[in-house]
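Peer 1: Just a sequence and a predicted model for now, questions to come.
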Amino acid sequence: MTDRDDLVTRLVEHCGHLCTTGDEGPIADAMQARYTDLGEEVTRVGHSIVVDGRRGMPARPLVLLVGHLDVVPPTDADVQTRREDRDGVDVVVGRGTSDMKAGNVVAMAAFEDRALREASPYDLALVLYAGEEGPADGNELRTVLDEVPWLREAALAIVLEPTDGEVQLGCLGGLHAVVTFAGRQAHSARPWHGRNALTMAGAFLAELDADHVREVDLDGIVYKDVWSATQAWTDGLGPGPRAETTPVRNVIPGAFMVNLNFRFAPSRDLAEAEAELRERIGDRARVEIVDRSPGAPPRLSDPVVRAFVDRIGAPVAAKQAWTDVARFAEVGVPALNYGPGLTAQAHQRGEYVRVDDLEIAATRLRSFLATPV
């Protein structure tokens, strides 16, 4: 049975380690000390830790309980963690409560239950890593998977990101492309001497406005392809190379750049998605791919993924975003997203998690871990 008050106490304590991205050293120190004091085998990689709960022979399927330690910067509405009643709902307010310290606490509580671990048909490992909220280059999970190679042998990785209580399978891939419409610069009083690159983009932007979401069914899981123009600029109107200069308003722009973000279902790989993007632009503009993130398939036919879905009885949906399940997919480890947090609360002022959701997720996770294979 999961102790509701114990989970709240754990969450308030965990949130007490304020650890914005790049400053995870103190919380990593605290986690390392905690598990070393508990007699666990701990591996430190940068500001990430791996706690090895394998029991030796005979080897059992390995399940990874995975969470990130960092949070986005707090606001005055969530820098202090507290439990409160919010319109009749028992919540814990604090930076990172939903994204994703509630998930960490659920994972830690299960891992620290020695009786559960002894009785479980699975070996467990706890992976708490740094740098998820910042640039991809600073995300330490890939380094952890490189430096602790036995993690790649796992039968399942459960990433306890906020999922509104759903089991969210796979994740979207993503491309960012700078799409450059090339015209010819001229004086705005005599535009016929040039070709306005900005208005050249009009037909494409109108097309994008009318057709930017497409559903893709993959193994019965419905993802949405999403095409979004997220930035646009001409020379002198940042974030282009002349962003530091004063914008010139009486010049017909000879180039107009659009940042196109294509989020695509994991029904295709990066090369196929890039080809699709280039085909959609065609010869209307020049395309430069500036960022790439692979997706991850749902893996619903995998026996351990299927066992998790069947056992906990939560709704199943697509992960309509990118998450680190993609890093596990890259090394061949089946992974899924399941956590107690609210997606709508991630990065919000006054961020909170419902205590009911914390308790339900902990109970469901324990139920899966205790069920014979």
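Peer 2: Perfect, thanks for sending it. Numbers count the residues shown, from 1 in each chain.
Peer 1: So which elements touch the helix or strand of the chain with the lowest mean pLDDT?
Peer 2: Within the chain, no helix or strand scores below strand 251-252, which has a mean of 90 by mean pLDDT, DSSP states H and E. Here strand 251-252 touches strand 186-187, going by 3 or more Cβ pairs under 8 Å, 6 or more residues apart in numbering; DSSP states H and E. Quick note: C-beta positions are derived from backbone N, CA and C, even for glycine.
Peer 1: now the strand it packs on, how far from the centre of its chain.
Peer 2: 45 Å (Cα atoms, centre = their mean, to the nearest Å).
Peer 1: just stretch 348-364 next, same as before
Peer 2: Taking mean C-alpha positions (Cα atoms, centre = their mean), stretch 348-364 and its chain are 18 Å apart.
Peer 1: got it, and stretch 328-344?
Peer 2: The answer for stretch 328-344 is 8 Å, by Cα atoms, centre = their mean.
Peer 1: Sort out which residues of it are buried, please.
Peer 2: 328-329, 331, 333-343 (16 or more other Cβ atoms under 10 Å).
Peer 1: Redo these as CSV? Include secondary structure and distance to R195.
Peer 2: Output for the buried residues of stretch 328-344, formatted as CSV (DSSP: H, G, I helix; E, B strand; the rest coil; distance: Cβ to Cβ, whole Å):
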residue, secondary structure, distance to R195
F328, helix, 48
A329, helix, 45
V331, coil, 49
V333, coil, 51
P334, coil, 52
A335, strand, 49
L336, strand, 50
N337, strand, 47
Y338, coil, 53
G339, coil, 51
P340, coil, 55
G341, coil, 50
L342, coil, 49
T343, helix, 44
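Peer 1: Report the two of those residues separated the most.
Peer 2: V331 and L342 (29.6 Å; Cβ to Cβ).
Peer 1: re the thing from before, partners of the least confident helix or strand of the chain, with directions?
Peer 2: Here strand 251-252 is paired, per DSSP bridges, with strand 186-187 (antiparallel).
Peer 1: what residues are up against the spatially most central residue of the chain?
Peer 2: Per Cα atoms, centre = their mean, the C-alpha nearest to the average position across the chain is that of T323, at 2.9 Å. For T323, the contacting residues are V159, E161, C171, A296, N337, by Cβ atoms under 8 Å, 6 or more residues apart in numbering.
Peer 1: do that again at 10 Å, thanks
Peer 2: Listed by Cβ atoms under 10 Å, 6 or more residues apart in numbering, the contact partners of T323 are 66, 68, 132, 159, 161, 163, 168, 170-172, 295-296, 335-337.
Peer 1: need the longest strand for this protein.
Peer 2: Longest strand in the chain by number of residues (criterion: DSSP state E): strand 221-234.
Peer 1: For that one, name the packing helices and strands.
Peer 2: With contacts taken as 3 or more Cβ pairs under 10 Å, 6 or more residues apart in numbering; DSSP states H and E, strand 221-234 sits against strand 167-169, strand 173-182, helix 197-200, helix 202-210, strand 213-218, strand 255-264, helix 270-281, strand 316-318.
Peer 1: Ranking those by mean neighbour count, which comes first?
Peer 2: For the helices and strands packed on strand 221-234, ranked by mean neighbour count under the definition mean count of other Cβ atoms under 10 Å, the leader is strand 167-169 at a mean of 27.
Peer 1: which helices and strands does that strand pack with?
Peer 2: The contact analysis (3+ Cβ pairs under 10 Å, 6+ apart) places strand 167-169 against strand 221-234, helix 303-312, strand 316-318, strand 335-337.
Peer 1: what's the most buried one of those?
Peer 2: strand 335-337 (a mean of 27).
Peer 1: And A107, how far from L151?
Peer 2: Distance of A107 to L151, computed by Cβ to Cβ, to the nearest Å: 15 Å.
Peer 1: Show the pLDDT at the closest residue to L369 other than its chain neighbours.
Peer 2: Using Cβ to Cβ, 6 or more residues apart in numbering and skipping the chain neighbours, the partner closest in space to L369 is S120 (4.8 Å). Looking at S120, its pLDDT reads 96.
Peer 1: close enough to count as contact, S120 and L65?
Peer 2: No: look at S120 against L65 with Cβ atoms under 10 Å: they stay out of range, at 11.7 Å.
Peer 1: Now do the shared contacts for the two.
Peer 2: Contacts common to S120 and L65, judged by Cβ under 10 Å, 6+ apart, are G53, A110, L369.
Peer 1: Out of those, list just those in strands.
Peer 2: Within these, residues falling in strands by DSSP E are G53.
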